[in-house]
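**Q** curious how this folds, go ahead:
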Amino acid sequence: MGDINRDDFTPNDKRIMAERVSWKCSFPGCGRNTVGPNSGDSTKKINNGIAAHIHAAAPGGPRYNAQMTPDERRHISNGIWMCRDHGNLIDADYTEYSASTLRDWKSQAEKRASDSLKLPIQERAKKDATLIQLGNKIIYFTHWNSIHFREWSFELVAPFIGNLDLLNHYILEFSSLPETEKYVVIESQGDARKVLDIKVEISYDGKHILFISVDKKPTPTNPHDLGMDLRIDDTGDISFLNGDLATVKGIDAAKQMISLCMSTIKGEMEGAKELGSLATYYYHEYKDDLEIFGKLLLLELIRLSLIPTDHRVNEEKVPSLHFVKRFLSVDIKSAELVHSRFKVHINLEWGNGDLWCGEIPVFVLHK
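**A** I've put the predicted structure just below:
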C-alpha cells in the first residue's frame with residue numbers, strides 16, 4: 001500500500017504521462033524504452049519506468065514545495081516519466097536537478113515523442129542526440145548511455161567538430177594534456193566537469209561507447225555578493241553618470257560579467273589562455289544556422305560557469321562565471337551586429353537558486 005501522507009499520481013495519470021513520451025525515459029540522451037513483453041508470460045508486460053515527482057509528494061522529499069496544494073502535487077503536470085535508473089538519480093542527487101530543469105526535460109521529451117510521429121528515423125536519431133565537448137577542439141553528437149555517480153558513458157553518434165582520429169589522439173595523449181584541455185561539457189544536461197580519465201570501447205553491436213570519469217561539480221556562489229565594478233555601455237565603453245564613472249554590483253555585475261566573458265576571445269590573453277570564449281569564431285562559422293550557433297554558445301556558457309580557471313575567489317580556482325548554477329537555454333533571434341555586438345537571449349539559474357532570463361550583448365571581432 002502507498003503512504004497515505006504522499007500525494008501520489010493516479011494509475012491513469014501515470015499511464016498518460018508515460019504515453020506522452022512514448023514510454024521512453026525523459027532524461028536527456030537516455031531515451032530508454034521502459035515497457036516491453038514479459039518473457040515468462042505471453043499475456044503480461046514489464047514496466048521498468050517510474051512517474052517521478054518534480055516537486056516531492058511529501059515533506060522532506062526532493063524539491064518539496066510547501067506552497068503547493070495536494071491536488072497540485074499529484075497533478076500530471078508535476079510528474080516526469082523516467083527509467084528507474086534516472087528516476088532514482090534525480091532524487092538521490094536532487095540538488096543537481098532543479099524543478100525548472102526537470103520541467104524543461106519533460107517538455108523536451110514530449111516534443112521528441114511528437115516529432116517521432118512525423119520525422120523519418122535518420123532525422124530522429126540526430127534530433128535526439130546531445131552535443132558534448134571535450135577540450136577545445138572536439139564536439140560530438142552523442143546519446144547518454146549510463147551514469148554511475150561520477151562515471152559517465154555516451155554512445156558516439158557522429159562528430160560535429162573534429163573526428164574519431166582526433167578523439168583517439170585526445171584519449172591516448174590525455175595524461176600529458178594541459179589541465180585546461182581536460183574537461184567535458186554536456187549540452188542537454190547543462191553540466192560540465194573536469195575529466196579525470198577517459199576511454200572508448202566498441203560494444204558487441206559495433207557502437208563506439210565513450211567512458212568518462214569526472215570530478216565533482218564546483219559549488220556556485222551568490223551573484224548578490226559580487227562587488228562593485230565599472231559599468232560598460234552597449235558600445236563597449238566605460239559609462240558615466242552625471243559626470244562620474246558609473247558602477248554596477250550584484251546581479252547587474254553578474255550580467256555584465258557574462259557579456260564580458262563571452263566577448264573576450266579565448267586564447268588571446270597572455271598568461272590566461274583559458275579565459276574568454278569562442279563566440280567570435282563560432283559567429284563567423286555558424287551565424288547562418290542560428291539553431292546550431294545557439295547550441296555552441298550554450299556549450300561555451302556552461303563551460304565558463306563550471307570549469308575552474310586561474311580566476312580565484314578566496315585563493316581557490318573557480319569558474320569565470322562561478323555565480324551561475326546552470327544555464328538552461330540560449331536563443332538567438334538574429335545574428336545582426338550593432339556596435340559589433342549581437343544579442344543572446346539567455347535563461348539561467350543563479351547560484352542562489354533564483355531564475356533569470358534576458359538578453360546579453362556579445363562582442364564579435366570582425367575578420
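**Q** show me the shaky parts of the chain.
**A** Residues of the chain meeting the criterion pLDDT under 70: 1-4, 29, 94, 118-128, 240, 269-273, 310-315.
**Q** my guess is Phe9 meets Gly79, correct?
**A** Yes. Shown here, Phe9 and Gly79 form a contact pair, counting by CB atoms under 8 Å, at 5.6 Å. C-beta here means a position set from N, CA and C on the backbone, and glycine is covered the same way.
**Q** the more surrounded of those two?
**A** Gly79 (26 against 21; other CB atoms under 10 Å).
**Q** are there residues contacting both of Phe9 and Gly79? Which ones?
**A** In the contact map built from CB atoms under 8 Å, 6 or more residues apart in numbering, the residues linked to both Phe9 and Gly79 are 17, 51.
**Q** now the helices for the stretch 51-200 of the chain?
**A** Per DSSP state H, counting those that start in this stretch, the stretch 51-200 of the chain carries helices over the ranges 70-74, 84-92, 99-116, 121-128, 164-172.
**Q** report the backbone C-alpha coordinates of the shortest one in CSV.
**A** Looking back up the chat, that one is helix 70-74. What follows is helix 70-74, C-alpha atoms only, in CSV (Å, rounded to 0.1, in the frame of the first residue of the first chain):
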residue,chain,number,x,y,z
PRO,A,70,-2.1,18.3,-2.6
ASP,A,71,-4.0,18.4,-5.9
GLU,A,72,-1.1,20.4,-7.5
ARG,A,73,1.4,17.8,-6.2
ARG,A,74,-0.5,14.8,-7.6
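**Q** contact partners of it?
**A** 7-10, 13, 53, 55-57, 65, 78.
**Q** okay, among the residues you listed, which ones form the most distant pair?
**A** Thr10 and Asn65 (20.0 Å; CB to CB).
**Q** hang on, the earlier thing: from the contacts of helix 70-74, list the buried ones, please.
**A** Buried subset of the contacts of helix 70-74 (neighbour count, 16 or more other CB atoms under 10 Å): 7-9, 13, 53, 55-57, 78.
**Q** counting neighbours, what do you get for the nearest residue in space to Asp215 that is not next to it in sequence?
**A** Excluding the flanking residues, the one nearest Asp215 by CB to CB, 6 or more residues apart in numbering is Lys194, at 4.0 Å. The number of residues packed near Lys194 is 17, by other CB under 10 Å.
**Q** I'd say Lys194 and Tyr183 touch.
**A** Yes. Here Lys194 reaches Tyr183: they are 5.5 Å apart, a contact under CB under 8 Å.
**Q** good, we can wrap up now.
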